[in-house]
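1. sequence plus predicted model, see below.
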Amino acid sequence: MVGAGNTSTSITNDDTERVRDMILQNRWVTVDEVAHQLQHSHGAAYEIIQNSLAFHKVCVRWDPKLLKELHKEKSLDICKRLLDCRGAEG
C-alpha cells in the first residue's frame with residue numbers, strides 16, 4: 001500500500017533473481033545493502049527476500065573452538081554436573 005508522499009516500487013523477476021544471486025554469493029549481505037544495490041526501499045528489498053525468495057535469517061550458534069578457555073571450562077563443569085544429576089536419578 002502506498003501512503004501519502006510514498007512512491008510505488010515495482011518488483012520484477014529480474015530484481016528477484018539479482019537478489020537471489022547477491023545472497024548466494026554473500027550470505028552476510030544485509031537488507032540495506034540489497035536495497036541500495038537495487039535502488040529500492042528497505043521494505044521492497046525485505047519483501048523480495050522474505051516473501052518472494054523465502055529466505056530467513058538464522059541465528060548461528062557459538063562454535064566451541066572460538067570460545068575462550070574459561071568458557072570451555074564452565075561448559076565442561078556444567079555438563080559434568082548434569083551428567084552427575086542424571087546418574088543419581090537412575
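-> Nice, I can see it.

2. only C-alpha atoms for contact and neighbour calcs from this point on.
-> Will do.

3. and the spatially most central residue of the chain, how far from Val29?
-> Centroid-nearest residue in the chain: Lys57, 2.4 Å away (criterion: CA atoms, centre = their mean). Using CA to CA, to the nearest Å, we find Lys57 at a distance of 11 Å from Val29.

4. now do Glu89
-> Distance from Glu89 to Val29, by CA to CA: 48 Å.

5. the more surrounded of those two?
-> Counted by other CA atoms under 10 Å, Glu89 and Val29 do not tie: Val29 has more neighbours, with 13 against 7.

6. which residue is the nearest non-sequential neighbour of the more buried one?
-> Ile23 (6.3 Å; CA to CA, 6 or more residues apart in numbering).

7. quick check: next helix or strand after the helix or strand where the one you found lies?
-> Here Ile23 sits within helix 13-25, counting by DSSP states H and E. For helix 13-25, the following helix or strand on the C-terminal side (DSSP H and E) is helix 31-38.

8. after that next one, heading C-terminal, what element do we hit next?
-> helix 42-47.

9. list the buried residues for the lengthiest helix in the chain?
-> Taking DSSP state H as the criterion, the chain has its longest helix at helix 69-89. For helix 69-89, a neighbour-count test (16 or more other CA atoms under 10 Å) marks nothing as buried.

10. domain assignment for the protein?
-> Per automatic domain parsing, the structural domains of the chain span 1-59, 61-90.

11. need the winner for burial among these.
-> The highest mean neighbour count among the domains of the chain, using mean count of other CA atoms under 10 Å, belongs to domain 1-59: a mean of 13.

12. that domain: how far from the chain's middle?
-> 14 Å (CA atoms, centre = their mean, to the nearest Å).

13. let's test this: mean pLDDT of that domain, rounded?
-> Averaging pLDDT along domain 1-59 gives 82.

14. gap between Val19 and Trp28?
-> For Val19, the distance to Trp28 - CA to CA - is 13 Å.

15. all set now, cheers.
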